[in-house]
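Novice: No letters, just coordinates:
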């Protein structure tokens with residue numbers, strides 16, 4: 001009996017021990033639930049109403065000198081309509097220009113009306129402005145050494161005709177206007193600051209192409225003089241700053257500078273480019289030498305920004321060529337392209353890709369008159385109908401070789 005009682009007590013003790021163990025294990029298992037709301041619950045994720053900002057992709061393109069020499073005027077005359085038409089000049093490059101979000105050209109002539117003339121006093125048919133717009137150009141730069149060829153009235157009318165055709169203008173302006181332009185593209189405001197060089201002064205009076213200009217005219221022109229360069233650089237700096245304060249996210253500078261027919265930039269060009277980059281220019285395009293010059297990517301020391309510089313984009317179209325100047329390089333040009341990504345919230349240019357599409361001006365006789373065509377030197381060169389008509393494929397191929405040698409293959413774009 002006593003033995004049974006002991007066994008019973010041992011069983012009770014064992015049950016208590018086992019029950020205690022079960023209780024402890026249970027408490028251990030539910031402990032995290034009591035203090036953390038359940039072992040499978042994830043840490044709350046902070047919700048945000050803002051999605052990650054997507055950078056804006058932009059292509060900004062530019063070309064060099066658009067000129068109309070005397071032989072080009074009758075070449076563009078249409079007897080059937082008794083009008084001048086220039087669309088055929090740009091037919092082959094139209095797709096390249098239109099794919100840009102912003103495309104600029106140097107308008108190196110005037111639209112003064114009356115009798116049309118070529119070098120040395122340029123005055124082209126107004127329909128050229130329409131052709132440039134149809135080709136895809138958005139901005140005409142007028143800060144060049146021929147803008148005053150027909151005087152102050154001619155300069156003013158040139159702006160009026162270009163604007164009427166739908167082109168923005170920069171480099172010269174009318175009274176009361178700003179000396180820079182702002183263009184909005186894909187929600188990004190692009191400031192355009194354009195300046196051209198003055199010729200040496202005469203008795204301290206400003207000259208353009210050796211002709212004195214009035215005080216009134218000087219106030220409407222964006223110019224710099226190599227004689228007073230340091231002072232004039234401050235004007236460029238102020239224009240860049242004013243454009244920024246007026247809302248420009250990106251600032252493009254376009255300069256008319258350098259020495260004619262020289263295939264490399266001079267010290268002045270390089271110095272002005274570096275100063276403009278330090279002042280805040282993001283891209284620098286340029287013209288005037290009538291031949292292509294090199295490309296350089298500057299690094300602004302203060303900010304680390306990369307600033308591409310196209311020292312000269314050559315002629316887009318003109319009558320300057322081997323037959324007239326014994327200089328084949330004047331037939332050549334480039335469409336300069338800068339593809340970039342811009343983040344509006346921080347004002348940063350995240351990436352930049354710099355390209356150059358080589359172009360060449362073909363000229364030949366057909367149906368009793370001259371034909372001018374700007375030919376892109378791309379992979380479809382051998383299929384170009386104007387080259388087939390003119391028989392000038394070898395000259396175009398030589399032009400492509402010249403530009404590749406000058407710029408370096410890494411910049412050349414030949415795929416349409």
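Specialist: Everything's here; your move. Predicted, not measured: the structure shown is a model, and the values here were computed from it. Numbers count the residues shown, from 1 in each chain.

Novice: any idea what sits nearest residue 135, other than its immediate chain neighbours?
Specialist: In this structure, residue 135 finds its nearest non-sequential neighbour in residue 90, 3.8 Å apart by Cβ to Cβ, 6 or more residues apart in numbering. (C-beta placed from N, C-alpha, C; glycine too.)

Novice: Give me the phi and psi angles of that neighbour.
Specialist: When read as degrees, to the nearest 10, the backbone of residue 90 gives phi -110, psi 10.

Novice: Assess the claim that it and residue 133 are in contact.
Specialist: No - using Cβ atoms under 8 Å, residue 90 is not in contact with residue 133; the gap is 10.4 Å.

Novice: With neighbour numbers in mind, choose between the two.
Specialist: Each of residue 90 and residue 133 has its neighbours counted (other Cβ atoms under 10 Å); residue 90 has more, 24 against 16.

Novice: residues in contact with that one?
Specialist: Contacts for residue 90 (Cβ atoms under 8 Å, 6 or more residues apart in numbering) come out as 97, 131-132, 134-135, 317, 374.

Novice: did I read that right, residue 252 in a helix?
Specialist: No - counting by DSSP: H, G, I helix; E, B strand; the rest coil, residue 252 falls outside a helix, being strand.

Novice: My read is that it contacts residue 190, right?
Specialist: Yes - using Cβ under 8 Å, residue 252 makes contact with residue 190 at a distance of 6.1 Å.

Novice: from the contacts of residue 90, which two are the most distant?
Specialist: Put simply, by Cβ to Cβ the two of the contacts of residue 90 set farthest apart are 134 and 317, 14.5 Å from each other.

Novice: quick one, which of these two is more surrounded?
Specialist: residue 317 (27 against 18).

Novice: Give me the phi and psi angles of the more buried one.
Specialist: Residue 317 has phi and psi values of phi -150, psi 140 when expressed as degrees, to the nearest 10.

Novice: I'd say it and residue 89 touch.
Specialist: Yes - counting by Cβ under 8 Å, residue 89 is a contact partner of residue 317 at 5.6 Å.

Novice: Columns pLDDT on top of the contacts of residue 90, output as CSV?
Specialist: Below are the contacts of residue 90 laid out as CSV (pLDDT from 0 to 100):
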residue, pLDDT
97, 98
131, 98
132, 98
134, 98
135, 98
317, 98
374, 98
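
Novice: which intervals of the stretch 1-150 of the chain have sub-threshold pLDDT?
Specialist: By pLDDT under 70, the low-scoring segments of the stretch 1-150 of the chain are 1-51.

Novice: What are the boundaries of the helices in it?
Specialist: All helices of the stretch 1-150 of the chain, identified by DSSP state H, counting those that start in this stretch, fall at 2-36, 72-75, 94-98, 127-135.

Novice: follow-up on the earlier one: identify the contacts common to residue 317 and residue 89.
Specialist: Residues touching both residue 317 and residue 89 (Cβ under 8 Å, 6+ apart) are 372, 374.

Novice: Count the residues that sit near residue 353.
Specialist: There are 12 residues near residue 353, going by other Cβ under 10 Å.

Novice: Could you do residue 309 as well?
Specialist: Number of residues near residue 309 (other Cβ under 10 Å) recorded here: 27.

Novice: what about it, which SS state?
Specialist: Classification of residue 309 using three-state DSSP returns strand.

Novice: any idea how far it is from residue 293?
Specialist: 10 Å (Cβ to Cβ, to the nearest Å).

Novice: What of residue 193?
Specialist: Using Cβ to Cβ, residue 193 is found at 20 Å from residue 293.

Novice: next one: residue 223
Specialist: When distance is defined by Cβ to Cβ, residue 223 is 21 Å away from residue 293.

Novice: These two: who's more crowded?
Specialist: Neighbours were counted for residue 223 and for residue 293 using other Cβ under 10 Å; residue 293 has more, 27 against 23.

Novice: mind listing what the more buried one touches?
Specialist: Going by Cβ under 8 Å, 6+ apart, residue 293 touches 258, 262-265, 269, 286, 310-312, 314, 406.

Novice: In helices only, show me those.
Specialist: Counted as lying in helices by DSSP state H, out of the contacts of residue 293, are 269, 406.

Novice: In JSON lines, list the contacts of residue 293 along with distance to residue 61.
Specialist: As requested, those are exported to JSON lines (distance: Cβ to Cβ, whole Å):
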{"residue": "258", "distance to residue 61": "20"}
{"residue": "262", "distance to residue 61": "24"}
{"residue": "263", "distance to residue 61": "22"}
{"residue": "264", "distance to residue 61": "23"}
{"residue": "265", "distance to residue 61": "20"}
{"residue": "269", "distance to residue 61": "21"}
{"residue": "286", "distance to residue 61": "14"}
{"residue": "310", "distance to residue 61": "11"}
{"residue": "311", "distance to residue 61": "16"}
{"residue": "312", "distance to residue 61": "16"}
{"residue": "314", "distance to residue 61": "14"}
{"residue": "406", "distance to residue 61": "19"}
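
Novice: quick one: which of the contacts of residue 293 is most hemmed in?
Specialist: With neighbours taken as other Cβ under 10 Å, the top of the contacts of residue 293 is residue 312, carrying 32 neighbours.

Novice: ok, back up a step: so can I have JSON lines of the contacts of residue 90 showing distance to residue 228?
Specialist: JSON lines is the format used below for the contacts of residue 90 (distance: Cβ to Cβ, whole Å):
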{"residue": "97", "distance to residue 228": "36"}
{"residue": "131", "distance to residue 228": "38"}
{"residue": "132", "distance to residue 228": "33"}
{"residue": "134", "distance to residue 228": "40"}
{"residue": "135", "distance to residue 228": "37"}
{"residue": "317", "distance to residue 228": "33"}
{"residue": "374", "distance to residue 228": "37"}
